[in-house]
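Peer 1: Sequence plus the predicted model coming up.
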Amino acid sequence: MLEEVERWLSTRSWSVTDRPPHQLLAAKQRTGQSVSVVLPALNEEETVGDIVAIIRHDLMHQVPLVDEIVVVDSGSTDRTSEVAAAAGATVVHRDEILPRVPTVPGKGEVLWRSLLVTSGDIVCFIDADLKEFSSDFVSGIVGPLLTDPGIDLVKGMYDRPLGGAAGQGGRVTELMARPLLNMHWPQLAGFVQPLGGEYAARRSLLEQLPFPVGYGVELGMLIDALHLVGLDALAQVDVGVRKHRHQDGQALGRMSAAIYRTAQLRLARGHLVRPSLTQFERGEDGFEPRTYSVDTEERPPMVEIAEYASRKVA
């Protein structure tokens, strides 16, 4: 590990307990910063309501740190929107945001569009499939942004159990993302959960970043933020244990391909053939190939979007 990263680990890695709620509230009141929480959601009716209700109770009513909770529905076919709205979130459908630009499937697409329907100086992203959710996930990762003007992006770090085994949940992280980062961007080797979906950043940073439309969004954002603001403007906070719905091995393969492609584009941009990934499933006549395209499209920095610029002027 680089000496720079060792120093970073000792100065930019914290625990949620390092900043108690009263300290965060005092910092928010002193600086006047506003906080938006965004939940990208696709068929998450079982969990999204509880997450919204806990954030509202703990961080809007008891300790008013959060100014708005926005659930961006990515085309759910269940009651995700209804459940989220009943719990107190503002619900916006992905297709209603920036309608002149046709939507494409993907998490990054939803996060990018969320900048147009939120107003916070700090934007906190939380996955909508978390179980046994704690508001520490939000207060922990927005804490450094409220208290330290030199911090621009904060990732959550946590244990990720899988089937009762501690630390085995981050399969794509350990098999794909961590090797890539250590080999090509060793300054980012200190991040415990580089692909984690729980992180917060200043709007002033997010609006300058391109957004890969799919699963590569977290890796791309981390790499691009490093180049734009430097390692010392990035941080991570231990928020405990993350429990969520795990995907099967083939879905993880598609996720890995998108993440690899995101890294590849940042290593050498050029005229490259749109890649695909072939996987195999057993059918009646043996193993049958299934070929999937790999997400390569990226949305431009939001400051380049006319509707966003005109909203800021207004």
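Peer 2: Received it, and whenever you're ready, just let me know what you need.
Peer 1: Can you point out the helix or strand that includes residue 26?
Peer 2: helix 21-31 (DSSP states H and E).
Peer 1: which residues sit in contact with residue 224?
Peer 2: The contact partners of residue 224, by C-beta atoms under 8 Å, 6 or more residues apart in numbering, come to 209-210, 266. Any C-beta I mention is one placed from the backbone N, CA and C, and that applies to glycine too.
Peer 1: Can you give me the neighbour number for residue 177?
Peer 2: Residue 177 is flanked by 26 other residues according to other C-beta atoms under 10 Å.
Peer 1: Can you name the residues that contact it?
Peer 2: 194-195, 219, 259.
Peer 1: Now stretch 53-61: buried residues?
Peer 2: 53-56, 58-60 (16 or more other C-beta atoms under 10 Å).
Peer 1: for those, which one is nearest residue 12?
Peer 2: Of all the buried residues of stretch 53-61, residue 12 sits closest to residue 59, with 23.3 Å by C-beta to C-beta.
Peer 1: can you give me the helices in the stretch 151-300 of the chain?
Peer 2: 171-172, 178-184, 203-206, 217-229, 249-267 (DSSP state H, counting those that start in this stretch).
Peer 1: packing partners for the second one?
Peer 2: If contacts are counted by 3 or more C-beta pairs under 8 Å, 6 or more residues apart in numbering; DSSP states H and E, helix 178-184 sits against helix 249-267.
Peer 1: Please apply the same query to the third one.
Peer 2: Other elements packing on helix 203-206 under the criterion 3+ C-beta pairs under 8 Å, 6+ apart are strand 122-125, helix 217-229.
Peer 1: From residue 190, how far off is residue 10?
Peer 2: According to C-beta to C-beta, to the nearest Å, residue 10 stands 10 Å off from residue 190.
Peer 1: Between the two, which is the more surrounded one?
Peer 2: Using other C-beta under 10 Å as the criterion, residue 10 and residue 190 rank with residue 190 on top: 23 against 9.
Peer 1: Just the pLDDT at that one, thanks.
Peer 2: Per-residue pLDDT puts residue 190 at 91.
Peer 1: In contact with it, which residues?
Peer 2: Counting by C-beta under 8 Å, 6+ apart, residue 190 has contacts 1, 5-6, 8-9, 13, 236.
Peer 1: Please tell me which one of these counts the most neighbours.
Peer 2: residue 236 (26 neighbours).
Peer 1: is that one in a bridge, and if so with what?
Peer 2: Using DSSP bridges, the beta-bridge partners of residue 236 come out as residue 13, residue 155.
Peer 1: pretty sure it contacts residue 191?
Peer 2: Yes. Counting by C-beta atoms under 8 Å, a contact exists between residue 236 and residue 191, whose distance comes to 5.9 Å.
Peer 1: Can you work out which residues contact both of these two?
Peer 2: By C-beta under 8 Å, 6+ apart, residue 236 and residue 191 have these common neighbours: 155, 157.
Peer 1: how close does residue 203 sit to residue 38?
Peer 2: According to C-beta to C-beta, residue 203 stands 11 Å off from residue 38.
Peer 1: Determine the number of other residues adjacent to residue 83.
Peer 2: A count of nearby residues for residue 83, using other C-beta under 10 Å, gives 23.
Peer 1: which residues does it contact?
Peer 2: Residue 83 neighbours (C-beta under 8 Å, 6+ apart): 45, 48-49.
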